[in-house]
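Novice: A predicted structure for the sequence below; I have some questions about it.
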Amino acid sequence: MLDLKLLRENPDAVRAGAMKKRMPDRAAAVDKALAIDAELRAMLPKLDAMRSEQKNAGKEMGKLGPAEREAVLAKQKERKVELQALEEKEKQLRADLDAQMSLIPNVPDADVPEGKDDTENVEVRRWGAVRDFGCQPKAHYEIGEAQGWLDFNRAAAMAGSRNYVLFGDLALLHDAVLRYAVDLLVARGFTAVDPPLLVRDAAMYGTGFFPGGEEQTYRCEKDGLNLIGTSEVPVTSLHGGEMLAEDQLPKKYVARSACFRREAGTYGKDTRGLYRVHQFQKVEQVIVDVADKARSIQHHHDICKNAEDMLQAFELPYRVVAVCGGDLGVPQAMKYDIETWMPSRGNYGETHSASRFYDYQARRLDLRYRQKDGGKAMWCHTLNNTVVASPRILIPLLENHQQKDGSVRLPPALRPYLGGRESIGKPVF
RNA sequence: GGAGAGGUGGCAGAGUGGCCGAUUGCGUCACCUUGCUAAGGUGAUGUACCGGAAACGGUACCGGGGGUUCGAAUCCCCCCCUCUCCGCCA
């Protein structure tokens, strides 16, 4: 949610922001919101005055004698009818305004590149040399199925497409990367969190996934609950409705959770393998801090570095891209994606997504803090980034570290999590 | 699933129809006093919105939504949440 004042003072910037995100419908919400706001403001002074009159006259009544009382009472009843009509109108306008406001996207920062979709994201930096295999490397699913680590058919039979079963050492590797990610972040001062996976609409709305993301979300209609697509939702919502003290900030959380996505509208896209699946595990970093743009940007770099350090420890080549306007979501002000080299795709594939929101989520979540020394109540700033999402990260791990015989070398960082072994798998090719 | 008790400001906790935007305590801030790891005194201290250059004035908000009433934190209805007891259960 944006500040209504920003909308009034600089509607062009907000409208241009929505257009930069390639969301013309949402840009239209700016004008709708302003029109409703104008109508509301036109009636408010009159409404407030009427209420004031009504209130004062009512108070006086308590002190009046029976005769005068009758006269005032009659007058009051008249006013009441008039007031009720106005209040009905006010209520409607406020509801409409709120609906439009919740559609208006966060304004992308100046450092967000222009562009229509992910093909126009701009590379910021690159790390690691892409390995020359000297032959066609195997895809992760070829290695995984040959090793008996992966089964898509049985998964599809019981759960539908875009599902998988991990077995044996791959299941252990899956757990190892997640555990490594949690340990890394805990060592850097983050607090581990195990959050709810089923949340109310308010949490989806508060983090900006609703309205708009309903089609991507599994919903338990009976209970009015939603399966999270990322632990960003419950973790950012943790302090929703609270008034934090400035010296409690920043809050730095690292959550490991299952994530669920319907992937509606992606039929025929990334159908093979572990890239696009309905259910996965993710370790997510979330920061809640004071309303300071420079600090948000610093955090943004820090959480990117956390993810990059992990990829470097995994010895996986990656690049960081600045996500362009057209590929940016509704609530983000700026986003970096980290893409890891995936030989089977012959390209970098998205494995991480680091976003900063400023106070956009905090306003929706009613997430505030009080400034030190008796200062004002302020909306917090929020950020988040993937540390690791698996099984997607298993794609580059298997493919980049595969050996000729189909076994997979383990980077030293992961060995302690797999009994000290230097590789997994037997010769299969 | 059944029975009961509750949800009030940063926190604790009063308030059962008008004198309540809300006693009081704690916390916080300012000033004063005094000094010896401290204490005491005085005052200020919610959020949002509207009008205003500002001072300030006004309105709304006592879990959420409806209703009764001239008037609701207070009465009625629905929903949500928390706690206790019983049942069931990984």
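Specialist: Looks like it came in fine. The shown structure was predicted, so the numbers you read here are calculated from the model rather than taken from an experiment.

Novice: From now on I want contacts and neighbour counts done on CA atoms only, so please keep to that.
Specialist: Will do.

Novice: Format the CA atom coordinates belonging to stretch A:131-151 as PDB.
Specialist: The C-alpha coordinates for stretch A:131-151 follow below in PDB (Å, rounded to 0.1, in the frame of the first residue of the first chain):
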ATOM      1  CA  ARG A 131      32.900 -25.600 -16.900                       C
ATOM      2  CA  ASP A 132      33.900 -27.200 -20.200                       C
ATOM      3  CA  PHE A 133      32.700 -30.800 -20.100                       C
ATOM      4  CA  GLY A 134      34.300 -31.700 -23.400                       C
ATOM      5  CA  CYS A 135      31.100 -33.500 -24.300                       C
ATOM      6  CA  GLN A 136      27.400 -33.100 -23.900                       C
ATOM      7  CA  PRO A 137      26.800 -33.000 -20.100                       C
ATOM      8  CA  LYS A 138      23.800 -35.000 -18.800                       C
ATOM      9  CA  ALA A 139      20.700 -33.200 -17.500                       C
ATOM     10  CA  HIS A 140      20.000 -33.500 -13.800                       C
ATOM     11  CA  TYR A 141      17.000 -35.700 -14.500                       C
ATOM     12  CA  GLU A 142      19.100 -38.100 -16.600                       C
ATOM     13  CA  ILE A 143      21.600 -38.400 -13.800                       C
ATOM     14  CA  GLY A 144      18.900 -38.600 -11.100                       C
ATOM     15  CA  GLU A 145      16.800 -41.300 -12.800                       C
ATOM     16  CA  ALA A 146      19.900 -43.300 -13.600                       C
ATOM     17  CA  GLN A 147      21.000 -43.200 -10.000                       C
ATOM     18  CA  GLY A 148      17.600 -44.100  -8.800                       C
ATOM     19  CA  TRP A 149      17.400 -40.800  -7.000                       C
ATOM     20  CA  LEU A 150      14.500 -39.300  -8.800                       C
ATOM     21  CA  ASP A 151      11.000 -40.500  -9.800                       C
END
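
Novice: for that stretch, the distance to its chain's centre please.
Specialist: Centroid displacement of stretch A:131-151 relative to its chain, using C-alpha atoms, centre = their mean, to the nearest Å, is 32 Å.

Novice: cool, and stretch A:181-190?
Specialist: 20 Å.

Novice: repeat for stretch A:193-205
Specialist: The answer for stretch A:193-205 is 12 Å, by C-alpha atoms, centre = their mean.

Novice: Could you pull up the mean pLDDT of that stretch?
Specialist: Throughout stretch A:193-205, pLDDT has a mean value of 90.

Novice: Just give me the neighbour total for A:Lys426.
Specialist: By other C-alpha atoms under 10 Å, 12 other residues sit near A:Lys426.

Novice: How about the contacts made by it?
Specialist: Contact analysis of A:Lys426 by C-alpha atoms under 8 Å, 6 or more residues apart in numbering lists A:147, A:405-407.

Novice: Which parts of the stretch 1-150 of chain A are helices?
Specialist: Per DSSP state H, counting those that start in this stretch, the stretch 1-150 of chain A carries helices over the ranges A:4-9, A:11-20, A:24-61, A:66-101, A:140-146.

Novice: Return a ChimeraX selection command for the buried portion of the contacts of A:Lys426.
Specialist: This is how ChimeraX selects the buried members of the contacts of A:Lys426, with burial counted by 16 or more other C-alpha atoms under 10 Å:
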select /A:147,406,407
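
Novice: Format the contacts of A:Lys426 as TSV; extra columns: pLDDT.
Specialist: As requested, these are exported to TSV (pLDDT from 0 to 100):
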residue	pLDDT
A:Gln147	97
A:Asp405	95
A:Gly406	95
A:Ser407	97
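
Novice: separation between the nearest residue to A:Leu73 once chain neighbours are set aside and A:Ala71?
Specialist: Setting aside the residues directly before and after it, A:Leu73 is nearest to A:Met61 in space (C-alpha to C-alpha, 6 or more residues apart in numbering), at 8.0 Å. Distance, A:Met61 to A:Ala71, using C-alpha to C-alpha, to the nearest Å: 10 Å.

Novice: More neighbours: which of those two?
Specialist: Shown here are A:Met61 and A:Ala71; by other C-alpha under 10 Å, A:Met61 has more neighbours (16 against 10).

Novice: buried set for the host helix or strand of A:Ala203?
Specialist: If you go by DSSP states H and E, A:Ala203 is part of helix A:201-206. For helix A:201-206, a neighbour-count test (16+ other C-alpha under 10 Å) marks A:201-206 as buried.

Novice: Tell me the one of these nearest RNA strand B?
Specialist: A:Ala202 (10.2 Å; C-alpha to the nearest atom of the strand).

Novice: Quick one: mean pLDDT for the following helix or strand past the helix holding A:Ala203?
Specialist: Sequence-wise, the next helix or strand downstream of helix A:201-206 (DSSP H and E) is strand A:219-220. What strand A:219-220 shows for mean pLDDT is 86.

Novice: Quick check: next helix or strand after strand A:219-220?
Specialist: Following strand A:219-220 in sequence order, the next helix or strand is strand A:225-227 (DSSP H and E).

Novice: Would you mind pulling the contact partners of that next one?
Specialist: Around strand A:225-227, the neighbours that count as contacts under C-alpha under 8 Å, 6+ apart are A:197-201, A:217-220, A:259-260.

Novice: Now do the very next helix or strand once past that strand: which elements does it pack against?
Specialist: Counting by DSSP H and E, the next helix or strand C-terminal to strand A:225-227 is helix A:232-236. Where contact means 3 or more C-alpha pairs under 8 Å, 6 or more residues apart in numbering; DSSP states H and E, helix A:232-236 is packed against helix A:201-206, strand A:279-289.

Novice: next one: helix A:232-236 to chain centre, how far?
Specialist: Centroid separation for helix A:232-236 versus its chain: 8 Å, with C-alpha atoms, centre = their mean.

Novice: Contacts for that helix next, please.
Specialist: The list of residues contacting helix A:232-236 from outside it, by C-alpha under 8 Å, 6+ apart, reads A:193, A:195-197, A:199, A:203-204, A:207, A:228, A:253, A:255, A:284-288, A:382, A:384.
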